[in-house]
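Trainee: Coordinates only, no sequence provided:
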């Protein structure tokens, strides 16, 4: 008997261990293959894919009328000299998912040296204005030597002018739009939290704004409520007043401490169909009343700085304002002076945006106001107004 | 020793058999569409309930068959005169026919349906022509037709609107313009019941004037 055989003969346990090991190994391999088999067989019984989770509310009337306007546009039109009966008007709107708006028609821009020259523009805009009165009139006293700029098509009227107010120069841009989707917000690089910053003019040009204003510069701070495309990105409502913009284009205000916590804010956003928000403030004027607080967390409201504001005049009717010094009118104002001046001019609803060097108003890709320190600050966001008429339908 | 060898051979054969079965199963079944686990009749009944509700104008019931329970509402108050007339005709004349039973593909469970609806785009030129014909007698003598024109010579909007209403009514009365669209209804099974997914093509069909 060999030595190995002798060793094996005296170690019967070795054989048993080997056998057990083989069994275990085979069972393991078999189990692995069985598992693979089950996975493959599972392909026979795949459950149907389930993705949709949203609770949709479809207004059949609005959808049908929208399609009717497109398909039946021009029906019932009959030309009787200067009067045309046009019962079906095409409704244009934009999608918040589109990062860029339609290009404005260059032929629709104009300039004027005096308010009286805009009488025909205001007349032509009567249908769009739908009975609403404008802040700008042919009696408005503009800053000497300044131009009035305007844009008018079937979906947007924008008039930009400068006025001397309290020895400062206020740049107003009054806008009336046909659809709420034409009032838009753009975050740098098209997304929340981008680190890149750009001037208001650059961003306005990128998105085809007819008129744009600097926003709340949300990227500069960590506080405030930030909502974009209906989603809550920042939920600190402790210190700043918030201006929400809903699906109808109306400004809804929430004062600081009124809305805190992501859940409460998201609920508010869902209930009111909020599209986006601005977070600087304070709310300066509400229902025709002056309500600037004596103190505010940001904005150095009791110091004299350039100021900016977003105001709502009426349904789908807004004014953006930038208040700067411009030689020889060298005054800049405290928040209370700014608000008081706007109130006296007839504005009944106003929310302060980031002022100082941030404040910028751009129209037709041109910077209009005299920005502080002579150069635009690079910021994180703008608000803007766009035409809804696509380029292939220019007249 | 002999037993151990036999066992080794046996285990090897089992392993080989498992490998072969798995390979065959993969080749045979990987391209096969899934089988529907729950009774097919229930899925088909859901599609029938949905289409019946839509064709009867019962949008509340239609919403109950749609995944996510969307709210479908027709609001007569916000409809234009033209819109209300055309919607009434569109929704009341809608009909459907299923093209077979539910079937499964890799991406889910579906059922094809052919929907026949009022061809509104085709009505447009006929309505306009009829409207022009009704207006024509009043356009030849602007100065003296006080029914159609006011003292400033401007067209009375209510007069023209009435003529348009009449034109639409007359065309709908004689109408035979219908168009059929094939739509694929997509179904999901969740929470113990079948639902039809509110896809864009379905919503388009319900809200009028889909492009074939």
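Mentor: Sure thing, it's come through. Keep in mind that this is a model prediction, so the values were computed, not measured.

Trainee: How about the longest helix along chain B and chain A, touching?
Mentor: The longest helix of chain B (DSSP state H) is helix B:2-29. Yes. Using Cβ under 8 Å from any Cβ of the partner chain, helix B:2-29 reaches chain A at B:4, B:7-8, B:11, B:14-15, B:18-19, B:21-22, B:25-26, B:29. Just so you know, the C-beta spots here come from the backbone N, C-alpha and C atoms, and that holds for glycine as well.

Trainee: quick one, longest strand in chain B?
Mentor: In chain B, with assignment by DSSP state E, the single longest strand is strand B:178-190.

Trainee: Quick check: next helix or strand after that one?
Mentor: Using DSSP states H and E, the helix or strand that follows strand B:178-190 in sequence is strand B:193-196.

Trainee: Now that following strand: buried residues?
Mentor: B:194-196 (16 or more other Cβ atoms under 10 Å in any protein chain shown).

Trainee: closest to residue A:98 among those residues?
Mentor: Nearest to residue A:98, judged by Cβ to Cβ, of the buried residues of strand B:193-196 is residue B:196 at 29.2 Å.

Trainee: Phi, psi for residue B:162 please.
Mentor: Main-chain dihedrals, residue B:162, degrees, to the nearest 10: phi -70, psi -40.

Trainee: Now for the closest residue to residue A:273 other than its chain neighbours, how many residues are close by?
Mentor: The shortest distance from residue A:273 to any non-neighbouring residue, by Cβ to Cβ, 6 or more residues apart in numbering or on different chains, is to residue A:247 (4.1 Å). For residue A:247, the neighbour count with other Cβ atoms under 10 Å in any protein chain shown is 13.

Trainee: so how far is chain B from residue A:247?
Mentor: Here the criterion is Cβ to the nearest Cβ, to the nearest Å. By it, residue A:247 lies 15 Å from chain B.

Trainee: That residue touches residue A:271, doesn't it?
Mentor: No. Using Cβ atoms under 8 Å, residue A:247 is not in contact with residue A:271, being 11.6 Å away.

Trainee: where does chain B dip in pLDDT?
Mentor: By pLDDT under 70, the low-scoring segments of chain B are B:1, B:4, B:29-39, B:141-144, B:209-212.

Trainee: just the strands in it please.
Mentor: Using DSSP E, strands in chain B cover B:71-73, B:95-98, B:103-105, B:108-118, B:178-190, B:193-196.

Trainee: can these go into TSV with extra columns for distance to chain A?
Mentor: Shown next, in TSV, are these (distance: least, Cβ to the nearest Cβ, whole Å):
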stretch	distance to chain A
strand B:71-73	5
strand B:95-98	17
strand B:103-105	8
strand B:108-118	5
strand B:178-190	5
strand B:193-196	9
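
Trainee: Which one of those strands lies nearest to residue A:185?
Mentor: Proximity to residue A:185 (Cβ to Cβ) singles out strand B:71-73 among the strands of chain B, at 27.8 Å.

Trainee: now for the closest one, which elements pack on it?
Mentor: For strand B:71-73, the elements it packs on are strand A:57-59, helix A:60-71, helix B:59-64, judged by 3 or more Cβ pairs under 8 Å, 6 or more residues apart in numbering or on different chains; DSSP states H and E.

Trainee: Burial-wise, tell me which of those comes out on top.
Mentor: Among the helices and strands packed on strand B:71-73, helix A:60-71 has the highest mean neighbour count (mean count of other Cβ atoms under 10 Å in any protein chain shown), at a mean of 19.

Trainee: ok, residues contacting that one?
Mentor: Contacts with helix A:60-71, where a contact means Cβ atoms under 8 Å, 6 or more residues apart in numbering or on different chains, come from A:88-91, A:93, B:59, B:72-76, B:78-80, B:82-83, B:86-87, B:90, B:120-121, B:124, B:203, B:206-209.

Trainee: Many thanks, I have nothing further to ask.
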